[in-house]
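Enquirer: my questions are about this predicted structure, shown below with the sequence.
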Amino acid sequence: MNMTRRMKGAYILIPLLCTLCTGCDSEDESLMSTREIGFSTTVASSEAEPGTRAEATTDNLTEMGVFAYFTGTGNFNNGSSTPNHLYNQSVKKTGGVWTYSPVRYWPANANEKVSFFAYAPHTAAVSGNANDKIRITKPTAFNAPGRPVISYSAPKGELDLLLSTGVTDCTNTHGPVQFTMKHAMTKVVFKVQLNDGDSKTITGISTECASSADFSINDANTAVTAENIGTSKSTCTATVSIAADGTAKTVKEFFLIPSHPNDTKVTLTYTDSDGSHTIEGALPNVTPNDWLSGKAIGYTLKIQDNRIIAITTDTDMAWETQQTPSPTHAFYNYIIATAEDLANFRDDVNNGNRNARALQIADIDMQDLATSPTHGEDATNWTPIGHGTQYFQGSYNGNGHTISNLKLQWHAKYTQEAGMGLFGGILNANLIGIHLRNTEIALQASSSGTGTLVGYMRENSKVISCSATGKIKTVILGEISGGMPYSTGGLIGYANCNAGLSWVVLCNAKVDIGENGSVIPNTGLCSVGGLIGYAYNVDVASCYASGNIEIKDIPTKNMYIIYVGGFCGSSTEGCIVGSYSLGDIAVSLPNRGSVDDIIYAGGFLGNINSGSLLSCYSYATLALAYPNIASQSQTGQICFGGFIGYWTENGTMFFCYGDGTSIPSSHDFSSRIFSEEFIGYGKIDEYCFSSSTLMGQTVQDIVAPGSPIESIVDYPFIKYDFSINSYWTDYRFYSKKWDSEYFWKSTPDEQGHPRISYEIEDPTLP
């Protein structure tokens, strides 16, 4: 979603009135009664409506434990500082007022310092409840060193454990100490959808989870770290009464330890006309871990014939990063609440209202159009917004809502210049907060660009905080007028912005491409990427792609030019920063060769002509099938690289990593291909690495080094309007440079898989 997520709710002032207590060390003697220490708290906002679960919010937080470390004139040190001023002090809110006893004060000496940590809910130092049990592991007493470590075991799934970032080295000139409370758990949301006509009442649900963990604030003092995670599984169970039907309905939201066990079993009980039933399923296994502290993940259990026939997963920004804002409608001339609204909006745009401004206010299922008297065909074959060369030039604010089950085939009325996607073509347009789910595109003829969100992107456009999942089943090979390749991308197909820079920021795609093979309407050219198929003069920041790509069953032609990359097929003149790709790539060529063939395949980029790459990485298995290559009379230039297939060496590339552990071997192809761990063909710039050159570093060390790095260019982000709790009311963009400290998470779940930080807050914004 958007990158300027504000924490919902106001700061709450909590005066902590403190006096000296017995048992403190001699350093307490300087803590003279001067001025009462005051606190405020904010709970980082979660990803759905408060009040529907046991979620802690700024408003319902009623008790917390506080640790205060007096360090004299020195700074807080995790190895030696002790909570000698407050040790696990219970602070309670009654009638809107926070109190505790005894009262404590700031030091009289202006050079002496106190550091603070907090957690919630409060527990006794070494005990806890029978379920959702928490205890203090460290420090063990007021005179023991270290910031708090909270142990959690016997999970029931109802505890939303909070830890604050430390407020350190405060003197008596400091104002109220403001705690920012971070969610330690993963919110795991279960929904149920019936695929048959029978009615059912869901009566219970249970899921397995990790049995224990230790939580603390990380060394960088920015996020919660979970360690010592138990290897055994616990089971969390809830009794419910939910009437299920053909729509996905939330059954239960558990708060679980942020570690997704393999083969996690989920059990559902329900009643129907035949009595009571119990059915089981297993959640999809993933690597790396997708249960993260402070994030949410959704699972929809689809039931048919008294069994779970499918479990779909929603891991993307629509769930992970913020609440849906509630903007005013004044800026917009279209309000989109249904699939019919979207189709009507499309009709108006395609009939000439290309500068329209639309706001989506609800999740949409495109299959609702199946019964529409005017738009029934759009359920199976969507006509894009902005068809042919009639580009959409307005604004569409998805506002974090989803558009599910979009299906699209080729439209014979379009020329080869037409783009295929939710939007066919855009120019001078803004697309914000649109989240496509379970999209399916199956083309059989010409399309200059194919992408789930945008087929053809032109200059001066912004695509920000958008995502997509689904499939693009065929790869179209062909040549646009001017010699450019047909392009396919998981989010955006063909982005030719030579007349003016465009931007793609904080977006992602998990879209599999090419499972049904390839189509060649004219010549054998294509550019295929997990996020963008072809990019010319496009700046990209903090995006990722994780779909798999296959280029296979290619009809025989005299020549092939194929660019394929896990992130982007081919890039020219753009700046790509802070991004990564995880999808696998497989290329299968016909039994023939030509000296004119060009095949560039890379884990991140197939081909880069110019521009810059900064702080990017890729993991990919790259595979090549080329029958009888040794007997071919001639072959062209075939280059495979773990990060880039081919680089002309124009431009720059720094702080990048391409894994390269699984790539085609040149030896297996009679040394007639170029294949290298990092770049198939081209030089490796400074501070770029592959698996064999890490030299003890982690990928996190490479893309987010100790000395922060930043982009040369600015990127556009969305301004938050605090007065109406809206991120995207009137598209007031602001610009800032990307930097590694701000946009990469400081403590990813795995150091080998750095994560993009979507919890960005800019205090300079209104």
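Expert: Ah, there it is.
Enquirer: helix, strand or coil: sort out His667 for me.
Expert: helix (DSSP: H, G, I helix; E, B strand; the rest coil).
Enquirer: that one: how many residues sit nearby?
Expert: Number of residues near His667 (other C-beta atoms under 10 Å) recorded here: 9. Every residue, glycine included, has its C-beta placed from N, CA and C.
Enquirer: cool, Asn498 as well?
Expert: 11.
Enquirer: can you confirm it is in a strand?
Expert: No. Counting by three-state DSSP, Asn498 falls outside a strand, being coil.
Enquirer: let me see the contact set for it.
Expert: Shown in contact with Asn498 (C-beta atoms under 8 Å, 6 or more residues apart in numbering): Glu459, Tyr536, Asn537.
Enquirer: check Cys209 too.
Expert: With C-beta under 8 Å, 6+ apart, Cys209 has these contacts: Pro155, Gly157, Val188, Lys233, Ser234, Thr235, Cys236, Phe254, Leu256, Ile257, Pro261, Thr264.
Enquirer: one step back: who wins for most neighbours among the contacts of Asn498?
Expert: Neighbour-wise, those (other C-beta under 10 Å) top out at Tyr536, 21 neighbours.
Enquirer: so it makes contact with Gly574?
Expert: Yes. Tyr536 lies in contact with Gly574 (C-beta atoms under 8 Å); the separation is 7.4 Å.
Enquirer: ok so, going back, would JSON lines of the contacts of Asn498 with pLDDT and secondary structure be doable?
Expert: Below are the contacts of Asn498 laid out as JSON lines (pLDDT from 0 to 100; DSSP: H, G, I helix; E, B strand; the rest coil):
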{"residue": "Glu459", "pLDDT": "93", "secondary structure": "coil"}
{"residue": "Tyr536", "pLDDT": "96", "secondary structure": "strand"}
{"residue": "Asn537", "pLDDT": "94", "secondary structure": "coil"}
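Enquirer: any low-confidence regions in the stretch 51-200 of the chain?
Expert: 51-60, 95-98, 124-132, 175-176 (pLDDT under 70).
Enquirer: can you give me the helices for the stretch 201-350 of the chain?
Expert: 317-320, 339-350 (DSSP state H, counting those that start in this stretch).
Enquirer: and the chain, by the same measure?
Expert: 317-320, 339-350, 699-703, 740-743 (DSSP state H).
Enquirer: quick check: mean pLDDT of the third one?
Expert: Regarding helix 699-703, the rounded mean pLDDT is 92.
Enquirer: now the first one
Expert: When the per-residue pLDDT values of helix 317-320 are averaged, the result is 36.
Enquirer: where do the strands of the stretch 201-350 of the chain begin and end?
Expert: 212-217, 224-227, 233-244, 249-256, 265-272, 275-282, 296-304, 307-314, 334-336 (DSSP state E, counting those that start in this stretch).
Enquirer: adding distance to Arg354, mean neighbour count and mean pLDDT, write the ones you listed out as JSON lines.
Expert: JSON lines is the format used below for the strands of the stretch 201-350 of the chain (distance: least, C-beta to C-beta, whole Å; neighbours: other C-beta atoms under 10 Å; pLDDT from 0 to 100):
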{"stretch": "strand 212-217", "distance to Arg354": "50", "mean neighbour count": "21", "mean pLDDT": "92"}
{"stretch": "strand 224-227", "distance to Arg354": "46", "mean neighbour count": "19", "mean pLDDT": "91"}
{"stretch": "strand 233-244", "distance to Arg354": "42", "mean neighbour count": "16", "mean pLDDT": "90"}
{"stretch": "strand 249-256", "distance to Arg354": "38", "mean neighbour count": "22", "mean pLDDT": "89"}
{"stretch": "strand 265-272", "distance to Arg354": "47", "mean neighbour count": "18", "mean pLDDT": "94"}
{"stretch": "strand 275-282", "distance to Arg354": "46", "mean neighbour count": "12", "mean pLDDT": "93"}
{"stretch": "strand 296-304", "distance to Arg354": "35", "mean neighbour count": "21", "mean pLDDT": "89"}
{"stretch": "strand 307-314", "distance to Arg354": "32", "mean neighbour count": "15", "mean pLDDT": "87"}
{"stretch": "strand 334-336", "distance to Arg354": "13", "mean neighbour count": "19", "mean pLDDT": "87"}
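Enquirer: out of those, which comes closest to Gly603?
Expert: strand 307-314 (23.5 Å; C-beta to C-beta).
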